[in-house]
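K.L.:
with the input below, show me the fold.
(one chain, ligands or ions: 2)
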Amino acid sequence: VEKPPFDLESLRTDIENLISENLNLGPSLIRLAWHEAGSYDCFKKDGAPNSASMRFKPECAYAGNKGLDVPRKALEPLKKKYPQISYADLWVLAAYVAIEYMGGPTIPFCWGRVDAKDGSVCGPDGRLPDGAQTQDHVRSVFTRLGFSDQETVALIGAHTCGECHIKYSGYEGPWTHDKNGFDNSFFTQLLEEDWVVNPKIEKLQMMDRATTKLMMLPSDMCLILDPKYRKYVEMYAKDNDRFNDDFARAFKKLTELGTKNLRNAPAVSS
Ligand code: HEM
Ligand code: CA
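P.N.:
Ligands and ions are numbered 1, 2, ... in the order given. As a prediction, this is how the structure comes out:
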């Protein structure tokens, strides 16, 4: 354990306050940390994951990152107040705090990520998953990132919170009835609802027949159509503790991809 050169406890409180003032920020902070890491290629070892490379062109302009300027801007005042933390560490810490704030697991935070200096290290466009595609595509993206089928299913369980925005992705709506809560409800909804095509949205997305308020992407639906994915959907739908544990481990791995010499921060005091 090594104390970081910034006041971690006070920074955590400031992040919680930021989220409490705007609950939509929580899920967008999780998506920011995920897309920052999701450019990695574990075979080529490039793509500058966990380096805040998304601040720069060309990465900030990739279609998959539309809307992520909002959480990036929201964190700027905290970067000014705590100049000793790297952007890369700040984005990951903010995602961990958001997950915990919404009722998800506590993830032990390690610090020491190094910020990219410019956009020359950005990975190519097209590395993030496309919601219009299904299991072959999802499996190839998450294999390239270094994740198993089980870890892939656990990670996509983050769609328990937040929602899609027409103006960012062309999709619309939340996956669950509590978009500010973090639990295994993405999996229970996926299995329990009757999913039908939403005729009001130009892109192909599904809605639940019962309320028509919820949505699933084609890439979400593939998790119950592919038997190798489906067995983990069924497991996590039955066992919220197991989901929390597995999500925490997989999200920590995601947010440490490509990093070196990270140090364990002191545990959160309760
Ligand atoms: C939102 C696609 C995996 C976390 C979204 C949106 C799309 C999408 C299209 C809507 C963006 C918008 O319109 O604002 C996908 C696909 C995935 C995937 C195709 C993989 C096959 C993940 C993973 C995580 C994640 C692994 C985190 C561990 C989120 C969150 C939101 C979101 C929290 C809500 C953002 C908000 O409310 O602003 N995703 N995603 N997603 N995604 Fe994913
Ligand atoms: Ca990156």
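K.L.:
so residue 246 makes contact with residue 148?
P.N.:
No - taking contacts as Cβ atoms under 8 Å, residue 246 lies outside contact range of residue 148: 10.5 Å. (Glycine included, C-beta is placed from N, CA and C.)
K.L.:
of those two, who's got more company?
P.N.:
Each of residue 246 and residue 148 has its neighbours counted (other Cβ atoms under 10 Å); residue 246 has more, 21 against 13.
K.L.:
residue 232 versus the more buried one, what's the distance?
P.N.:
As judged by Cβ to Cβ, to the nearest Å, residue 246 and residue 232 stand 9 Å apart.
K.L.:
who touches both of these two?
P.N.:
Taking Cβ atoms under 8 Å, 6 or more residues apart in numbering as the criterion, residue 246 and residue 232 both touch 150, 154.
K.L.:
if I've got this straight, residue 207 is in a helix?
P.N.:
No - when classified by DSSP: H, G, I helix; E, B strand; the rest coil, residue 207 is found to be strand rather than part of a helix.
K.L.:
I figured it hits residue 221, correct?
P.N.:
No - using Cβ under 8 Å, residue 207 makes no contact with residue 221, being 11.7 Å away.
K.L.:
look at those two and report which has more neighbours.
P.N.:
Set side by side, residue 207 and residue 221 show more neighbours around residue 207, with 22 against 17, by other Cβ under 10 Å.
K.L.:
related to what we said a few turns ago, what do residue 207 and residue 221 both touch?
P.N.:
Common contact partners of residue 207 and residue 221 (Cβ under 8 Å, 6+ apart): residue 195.
K.L.:
what parts of the stretch 1-150 of the chain come near ligand 2?
P.N.:
Proximity of the stretch 1-150 of the chain to ligand 2 (Cβ under 5 Å from the ion) is limited to residues 36, 39, 48, 53.
K.L.:
among these, which are located in helices?
P.N.:
residue 36 (DSSP state H).
K.L.:
pLDDT and neighbour count added to the residues of the stretch 1-150 of the chain next to ligand 2, as JSON lines?
P.N.:
Shown next, in JSON lines, are these (pLDDT from 0 to 100; neighbours: other Cβ atoms under 10 Å):
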{"residue": "36", "pLDDT": "98", "neighbour count": "30"}
{"residue": "39", "pLDDT": "98", "neighbour count": "29"}
{"residue": "48", "pLDDT": "98", "neighbour count": "23"}
{"residue": "53", "pLDDT": "98", "neighbour count": "24"}
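K.L.:
check the average confidence over stretch 247-264, would you?
P.N.:
Averaging pLDDT along stretch 247-264 gives 98.
K.L.:
just stretch 184-197 next, same as before
P.N.:
Here the average pLDDT along stretch 184-197 is 98.
K.L.:
is that stretch anywhere near ligand 1?
P.N.:
No - figure legend: stretch 184-197 not in contact with ligand 1 (Cβ under 6 Å from any ligand atom); closest approach 10.0 Å.
K.L.:
and that stretch, how far apart are its ends?
P.N.:
Using Cα to Cα, to the nearest Å, one end of stretch 184-197 lies 23 Å from the other.
K.L.:
tell me where the stretch 101-250 of the chain has helices.
P.N.:
Counting by DSSP state H, counting those that start in this stretch, one finds helices in the stretch 101-250 of the chain at the ranges 135-145, 149-156, 166-169, 185-192, 218-225, 227-238, 240-254.
K.L.:
near ligand 1, which residues of this protein show up?
P.N.:
Neighbours of ligand 1 within the chain, by Cβ under 6 Å from any ligand atom: 27-28, 30-31, 34, 67, 129, 131, 138, 155-156, 158-159, 161-165, 168-169, 171, 217, 219, 251.
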